[in-house]
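Visitor: need coordinates for the below:
(4 chains)
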There are 2 protein chains.
Amino acid sequence: MTVTQTGRSRGSYAKTAARRREILEAGMDVFAEQGFRSGSLREVAERVGMSQAGLLHHFSTKNDLLAAILDFRDDRDREESGIEIGSGIEGIRGLLRLVEHNMRVPGLVELHCVLSAEATSPDHPAHEHFVRRYSWLIDGMTVSFEVMAREGQLVAGVEPASAARMLIAMMDGLQLQWLLDRDSVDMAEETRRSLRPLLTVEL
Amino acid sequence: MTVTQTGRSRGSYAKTAARRREILEAGMDVFAEQGFRSGSLREVAERVGMSQAGLLHHFSTKNDLLAAILDFRDDRDREESGIEIGSGIEGIRGLLRLVEHNMRVPGLVELHCVLSAEATSPDHPAHEHFVRRYSWLIDGMTVSFEVMAREGQLVAGVEPASAARMLIAMMDGLQLQWLLDRDSVDMAEETRRSLRPLLTVEL
DNA sequence: GTCTATAAATTGATAGAC
DNA sequence: GTCTATCAATTTATAGAC
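Guide: Numbers count the residues shown, from 1 in each chain, chains lettered A, B, ... in the order given. Predicted structure coming up:
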């Protein structure tokens, strides 16, 4: 695509991008605290110090903002786990790194917890997103456990598909417990502990 | 307390109780689908065929209705699991019965999933309720696993407190996966499978 | 016990000035 | 790019008739 730059300075592009980013972060906070349905654009706008109409210049509908947030979150997760899914034990280690990082960002954990629960409703604007995400994630982890099984890293009798489901379920359930009482749970340690009886190797 | 019955027939009591119950059930449906914060009293009222003001005669605020729903749900769970928490392997079996029953009532599973996520927010009207509920539940299951450890029903090296946390986390996480795609998961079977490596006995 | 009417607040989105 | 003003819809809760 050829773009003809007509007087629009790099500065204004950068500023707009920075503004979008600010809105994105404020949106994540608000939707984490109140959920998407009951979080308001006005509240998001206030937190970045602008009017609600001003916000809608950057994201033209509330659903647009949600979509941008979901993309942003997925990118971050990929960076933080730093690994392709489905790559044997390194896939599991990547997920554990993500859990460790999550314990430093309660807001993001709350966002995931609240949005994924809301999105179980078929008419929620993020429903399809979460259905796809979980199917992708569990399929990928199943492949990882299959690879591990072939390399003798899995205890006999452990079903790769079940182990994958179990690991993801564990992570989600621990997040809920952690959000309700942060001091009581070490998510990463509990996750490792629950994997140990399934593996013949150390993580 | 002495009550002077002045003309009020038994029938009208029964009718009121039945009405409250109808509202309760409709409320559970609405809050399951839309969450508490964004579910509306009007919608609940419509589903039982009455006006929103009429509903408020039975539950004088929205929070009142929520509190009644939470109590009702707890009673049902106790009945359905049919067992005291903290009683060894029977405690775990009770929980498994509850999981089996839950697969026949998706609405109740969705209600729990959505409300517990919403309630991680400290200013949510159900926050204290869920904090207490989880601490009670995990403490109780910890005792159950401790009893099992003493009776040699636990594999060596399994921490009762961790096993308790893990079991609850697993159940919650599987509920989320099940709500997003009901055909893909057998919650009860997956839960049993995840417990097997921890026990020296059959469930 | 249930209704209509209404108050008072909040919501997402649009129009148009600057 | 941001604002003010505004619309139309929706919310919980109250007042008061029947």
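Visitor: what does chain A put close to DNA strand C?
Guide: Proximity of chain A to DNA strand C is confined to A:39, A:40, A:41, A:42, A:43, A:52, A:53, A:56, A:60, A:61, A:62, A:63 under the rule CB under 7 Å from any atom of the strand. Heads up, the C-betas are built off the backbone N, CA and C, glycines and all.
Visitor: neighbours around the fourth one, how many?
Guide: It stands for residue A:42. 13 (other CB atoms under 10 Å in any protein chain shown).
Visitor: the fifth one now?
Guide: Around residue A:43 there are 16 other residues, counting by other CB under 10 Å.
Visitor: got JSON lines for the residues of chain A next to DNA strand C, with pLDDT too?
Guide: Shown next, in JSON lines, are these (pLDDT from 0 to 100):
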{"residue": "A:39", "pLDDT": "98"}
{"residue": "A:40", "pLDDT": "98"}
{"residue": "A:41", "pLDDT": "98"}
{"residue": "A:42", "pLDDT": "98"}
{"residue": "A:43", "pLDDT": "98"}
{"residue": "A:52", "pLDDT": "98"}
{"residue": "A:53", "pLDDT": "98"}
{"residue": "A:56", "pLDDT": "98"}
{"residue": "A:60", "pLDDT": "98"}
{"residue": "A:61", "pLDDT": "98"}
{"residue": "A:62", "pLDDT": "98"}
{"residue": "A:63", "pLDDT": "98"}
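Visitor: give me the buried entries from the residues you listed.
Guide: For those, a neighbour count by 16 or more other CB atoms under 10 Å in any protein chain shown gives the buried set as A:39, A:41, A:43, A:62.
Visitor: please report how far the first one lies from residue A:62.
Guide: If I follow you right, that is residue A:39. As judged by CB to CB, to the nearest Å, residue A:39 and residue A:62 stand 9 Å apart.
Visitor: from the buried ones among the residues of chain A next to DNA strand C, which is closest to residue B:154?
Guide: Of all these, residue B:154 sits closest to residue A:39, with 44.0 Å by CB to CB.
Visitor: ok, that closest one - contacts?
Guide: Counting by CB atoms under 8 Å, 6 or more residues apart in numbering or on different chains, residue A:39 touches A:27, A:30, A:31, A:33.
Visitor: and the helix or strand hosting the last one, what other elements does it pack with?
Guide: Translated: residue A:33. Assessed by DSSP states H and E, residue A:33 sits inside helix A:10-38. Packed against helix A:10-38 by the contact rule (3 or more CB pairs under 8 Å, 6 or more residues apart in numbering or on different chains; DSSP states H and E) you find helix A:41-47, helix A:52-58, helix A:62-81, helix A:106-118, helix B:10-38.
Visitor: do the longest one and DNA strand D come into contact?
Guide: Meaning helix B:10-38. No - judged by CB under 7 Å from any atom of the strand, helix B:10-38 stays clear of DNA strand D, getting no closer than 7.7 Å.
Visitor: please state the offset of that helix from the chain centre?
Guide: 16 Å (CA atoms, centre = their mean, to the nearest Å).
Visitor: before we move on, the earlier item: I'd like the residues of chain A next to DNA strand C laid out as TSV, including distance to residue A:88.
Guide: TSV is the format used below for these (distance: CB to CB, whole Å):
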residue	distance to residue A:88
A:39	39
A:40	45
A:41	44
A:42	48
A:43	44
A:52	48
A:53	51
A:56	46
A:60	43
A:61	42
A:62	41
A:63	38
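Visitor: out of those, who's nearest DNA strand D?
Guide: residue A:53 (3.0 Å; CB to the nearest atom of the strand).
Visitor: what parts of chain A come near DNA strand D?
Guide: Residues of chain A lying near DNA strand D (CB under 7 Å from any atom of the strand): A:12, A:15-16, A:19, A:45, A:49-54, A:57-58.
Visitor: check contacts around the spatially closest residue to residue A:89 that is not a sequence neighbour.
Guide: Closest residue to residue A:89 apart from its sequence neighbours, by CB to CB, 6 or more residues apart in numbering or on different chains: residue A:148 at 5.6 Å. By CB under 8 Å, 6+ apart, the contact set of residue A:148 is A:88, A:89, A:92, A:154, A:160, A:199.
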